[in-house]
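Peer 1: Fold the following.
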Amino acid sequence: MVESWPVAVTIYVMTVTLEEAQRKLPQFIRQASAGEGVFIVSPAGGPTVQLVHVEMKSSRLSRHPDLAGSTKVLDEQALTQPLPAEDWAGLAEG
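Peer 2: Residues are numbered from 1 along each chain as shown. Here you go, the predicted model:
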């Protein structure tokens, strides 16, 4: 009979302040993408946000199953591009 031994797993967790996260956000995003736990704490000291890596299942846009067949997208590229400034400039004005 072969016995199985527990496997040791090391998880690196980092807790940073909001101020530090603002200064080093690209670094913390790289670390979270590499699997490290990154928590950003509030000024009061409690965990507020956890950065985690998200796997994209597809690079294509997906439609909600309830809307299947009810919409037609003429230009999918237009859905992923920012709006031209002239289209949204008036929205910021009160």
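Peer 1: okay, CA-based contacts and neighbour counts for the rest of this
Peer 2: Will do.
Peer 1: contacting residues for Ile40?
Peer 2: Neighbour list for Ile40: 15-18, 21, 47-51 [criterion: Cα atoms under 8 Å, 6 or more residues apart in numbering].
Peer 1: Which secondary structure state is assigned to it?
Peer 2: strand (DSSP: H, G, I helix; E, B strand; the rest coil).
Peer 1: Check the gap between it and Gln31 for me.
Peer 2: Relative to Gln31, Ile40 is positioned 13 Å away (Cα to Cα, to the nearest Å).
Peer 1: CSV for the contacts of Ile40, including secondary structure?
Peer 2: Output for these, formatted as CSV (three-state DSSP):
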residue, secondary structure
Thr15, strand
Val16, strand
Thr17, strand
Leu18, helix
Ala21, helix
Pro47, strand
Thr48, strand
Val49, strand
Gln50, strand
Leu51, strand
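Peer 1: Closest one of those residues to Gln77?
Peer 2: Within the contacts of Ile40, the smallest distance to Gln77 is 28.5 Å, found for Leu51 (Cα to Cα).
Peer 1: and that closest one, what are its bridge partners?
Peer 2: Val38 (DSSP bridges).
Peer 1: how about it, what does it touch?
Peer 2: Under the criterion of Cα under 8 Å, 6+ apart, the contact partners of Leu51 comprise 28-29, 32, 37-40.
Peer 1: roughly how far apart are it and Arg23?
Peer 2: Note on Leu51: its distance to Arg23, by Cα to Cα, is 15 Å.
Peer 1: Verify the stated contact: Val13 with Gly37.
Peer 2: Yes. Assessed by Cα atoms under 8 Å, Val13 is found in contact with Gly37 at 4.3 Å.
Peer 1: who's more crowded, these two?
Peer 2: More neighbours sit around Gly37 than around the other of Val13 and Gly37, counting by other Cα atoms under 10 Å; the figures are 18 against 12.
Peer 1: thinking again about what came up before, put together TSV for the contacts of Leu51, with distance to Pro65 and pLDDT on each row.
Peer 2: Shown next, in TSV, are the contacts of Leu51 (distance: Cα to Cα, whole Å; pLDDT from 0 to 100):
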residue	distance to Pro65	pLDDT
Phe28	35	89
Ile29	32	89
Ala32	31	88
Gly37	33	85
Val38	34	87
Phe39	34	86
Ile40	35	87
